[in-house]
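*Asks:* Provided below for reference: sequence and predicted model.
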Amino acid sequence: MELLRKRAEIFQNDKIFCIWAAYIPFVFFVRADVVKELLKNSKLNDKSWVYEWIQPLMGEGHITSSFEKSKPRRKALVPCFHSDILRSFVPVFSNEAQKLVNYLQKEAKNDFTDIVEPVSLCAVDITCETLFGVTINALENEDLKSPESFSRASKIYMSKIISPWHWIEMIFRNTDAGKEFHYHCDELQKLTRKMVEEKKKRYLRGEKETQVRKCKALMELLLDGKELSEEEIEEEVNTFALAGHINTTATVRWALYLIGLYPDVQAKVHEEIDYVFGKDLQRPISDEDLSQLQYLDCVLKESSRLYPSVSLFARQVNEDTKINGYTIPKGASCVVYTYYLHRDPEIYPDPERFDPDRFSRENRIPEYAFVPFSVGPRNCIGFKYAEIESKIIVAQILRNFTVSSLDERDQIKLMLTPTLNPHIPVRIRIRSRLDRSY
């Protein structure tokens, strides 16, 4: 990650730079105008060939497949994320976030907490409820391996990209790294396959939703729609199951970390939360509450600017293409380097400063200068789902706790993985807001 950042600094005035991996060029885009030119080019809608390597992990859903394959699937998927459907998920988000708060109560006496594991398990619970209509209580299941498996498989995947001798699958599969990668992929597939089979059986039996969970699961909506085959539905829910919980975990982790570093920001978030909810810590969060948490919105956006959960994404060049006066050859990969794009000093003065007011209503950020979920026909379909889920989890935690981050930003080195991760666990001290003895 440090190598990429330094390279971007050298070529920031050129707006793009190239790194060769063996004989293949990867062209990085670091300014909004060239990112716009890239993402609006209809000939550049295919994902880079490196996404094929993550298919054992993510499946062959719309995220990793070709544009032609993804188009009819996106058409079937988009209605499942209509605002009315997302509103029906809010009680599930709120209920599972409250379970996370209950879990964190025992962490409030510890010197610090690695927030990733409990948040990840909470996100898994939410995913299983909203995707499959299945309750697994991951927070209480110490044997659940999915977060650990995804973490390990992600690291191996990124090491494969920079190791050309591993590009040949027959060779990679027989290495220790390849064997471990496929082991963890199999573990993740087992979990999602089990959820899919259970939901299909319940659907075929005609079981209705309980009074506790009145919303329809996404998988049920897809089965009702009959636009995708059962195999296609399985691929898509597998994709959402993995992509959903890891991105939410990363978003919440970085947001709490930054809030814990800046007491003035935390004080404003607490003030807004207290205004909306008063002293009632038990009342579930509603859709109306979310619309009032406007400063928290700004905090989450600024956190995603500095630490986007996906620090880069790539498109495949299928024919020689001219962008910004440069001819990019067929076979190259065009990479939007989100992490550096979000630090353009012309758009974000003093870019390393954490300033949520950048995203206040008075300030307008150019569309292609802030792309945590990409833009255009290959953007993240579930971005609103992810935003609402993350907002509810952070709000529920800060209703009940104060957070203090023990590691300064210059102590945290970033690793190049499918989601942006620190090289060490981020240490966050959690204290109950009701306990003033600390």
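*Replies:* Received it, and whenever you're ready, just let me know what you need. Numbering: from 1, shown residues only.
*Asks:* isn't residue 408 right up against residue 260?
*Replies:* No - if you go by CB atoms under 8 Å, residue 408 and residue 260 don't touch, sitting 11.1 Å apart. Backbone N, C-alpha and C define where each C-beta goes, glycine included.
*Asks:* between these two, which is the more surrounded one?
*Replies:* Between residue 408 and residue 260, counted using other CB atoms under 10 Å, the more crowded position is residue 260 (22 against 8).
*Asks:* and the pLDDT at the more buried one?
*Replies:* What the model reports as pLDDT for residue 260 is 98.
*Asks:* ok, now the one 5 residues further on?
*Replies:* What the model reports as pLDDT for residue 265 is 98.
*Asks:* looking at the closest residue to residue 352 other than its chain neighbours now. What's its pLDDT?
*Replies:* Of all residues not flanking residue 352 in the chain, residue 343 sits nearest, at 7.2 Å (CB to CB, 6 or more residues apart in numbering). We have a pLDDT of 97 for residue 343.
*Asks:* which SS state does residue 343 fall under?
*Replies:* Three-state assignment for residue 343 (DSSP: H, G, I helix; E, B strand; the rest coil): coil.
*Asks:* one more: residue 280?
*Replies:* From three-state DSSP, the assignment for residue 280 is coil.
*Asks:* please apply the same query to the one 3 residues further on.
*Replies:* Residue 283 falls in the coil class when you classify it by three-state DSSP.
*Asks:* per-residue confidence at residue 288?
*Replies:* Residue-level pLDDT assigned to residue 288 equals 96.
*Asks:* mind checking which helix or strand it is in?
*Replies:* helix 287-292 (DSSP states H and E).
*Asks:* tally of neighbours for the nearest residue in space to residue 423 that is not next to it in sequence?
*Replies:* Nearest residue to residue 423, sequence neighbours excluded (CB to CB, 6+ apart): residue 413, at 4.2 Å. Using other CB under 10 Å, residue 413 has 10 other residues around it.
*Asks:* tell me the contacts of residue 413?
*Replies:* Counting by CB atoms under 8 Å, 6 or more residues apart in numbering, residue 413 touches 1, 2, 422, 423, 424.
*Asks:* where does the protein dip in pLDDT?
*Replies:* Applying pLDDT under 70 to the chain flags residues 142-148, 150-151, 154, 158, 161-162, 207-215, 418, 435-438.
*Asks:* quick one: the helices in the stretch 301-438 of the chain, in order.
*Replies:* Ranges of helices in the stretch 301-438 of the chain, per DSSP state H, counting those that start in this stretch, are 338-341, 383-400.
*Asks:* can you lay out these as TSV showing distance to residue 284?
*Replies:* Rendered in TSV, the data for the helices of the stretch 301-438 of the chain read as follows (distance: least, CB to CB, whole Å):
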stretch	distance to residue 284
helix 338-341	34
helix 383-400	9
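*Asks:* mind listing what residue 420 touches?
*Replies:* Applying CB under 8 Å, 6+ apart, the residues near residue 420 are 250, 254, 307, 308, 309, 310, 311, 339, 414.
*Asks:* can we see that at 10 Å?
*Replies:* With contacts taken as CB atoms under 10 Å, 6 or more residues apart in numbering, residue 420 has the following neighbours: 1, 250-251, 253-254, 304, 306-312, 338-339, 414.
*Asks:* now swap in residue 217 and tell me
*Replies:* Taking CB under 10 Å, 6+ apart, we find residue 217 in contact with 80, 89, 92, 128-134, 195, 199, 202-203, 209, 223, 237.
*Asks:* which one of the helices of the stretch 301-438 of the chain lies closest to residue 96?
*Replies:* When the helices of the stretch 301-438 of the chain are compared by CB to CB, helix 383-400 sits nearest residue 96, at 8.3 Å.
*Asks:* kindly indicate which of the contacts of residue 420 lies nearest residue 107.
*Replies:* Residue 107 lies nearest to residue 253 out of these, by CB to CB, at 14.4 Å.
*Asks:* okay, and the closest one sits in which element?
*Replies:* Element membership for residue 253 (DSSP H and E) is helix 230-261.
*Asks:* which residue, other than its chain neighbours, is closest to the spatially most central residue of the chain?
*Replies:* Centroid-nearest residue in the chain: residue 247, 1.8 Å away (criterion: CA atoms, centre = their mean). Nearest residue to residue 247 in three dimensions, chain neighbours excluded: residue 309, at 4.6 Å (CB to CB, 6+ apart).
*Asks:* which residues touch the one you found?
*Replies:* By CB under 10 Å, 6+ apart, the contact list for residue 309 reads 243, 246-254, 303, 338, 372-373, 380, 386, 390, 418-421.
*Asks:* which phi and psi values does it adopt?
*Replies:* Per-residue torsions, residue 309: phi -60, psi -40 (degrees, to the nearest 10).
*Asks:* so how far is residue 174 from it?
*Replies:* From residue 309 across to residue 174, the span is 32 Å (CB to CB, to the nearest Å).
*Asks:* ditto for residue 363
*Replies:* 53 Å.
*Asks:* my read is that residue 79 contacts residue 221, right?
*Replies:* Yes - Residue 79 lies in contact with residue 221 (CB atoms under 10 Å); the separation is 7.7 Å.
*Asks:* the two - which one has more neighbours?
*Replies:* residue 221 (18 against 12).
*Asks:* is that one located within a strand, as I assumed?
*Replies:* No - read with three-state DSSP, residue 221 is helix and lies in no strand.
*Asks:* follow-up on the earlier one: so the residue nearest to residue 247 versus residue 343, what's the distance?
*Replies:* Taking CB to CB, one finds residue 309 at 16 Å from residue 343.
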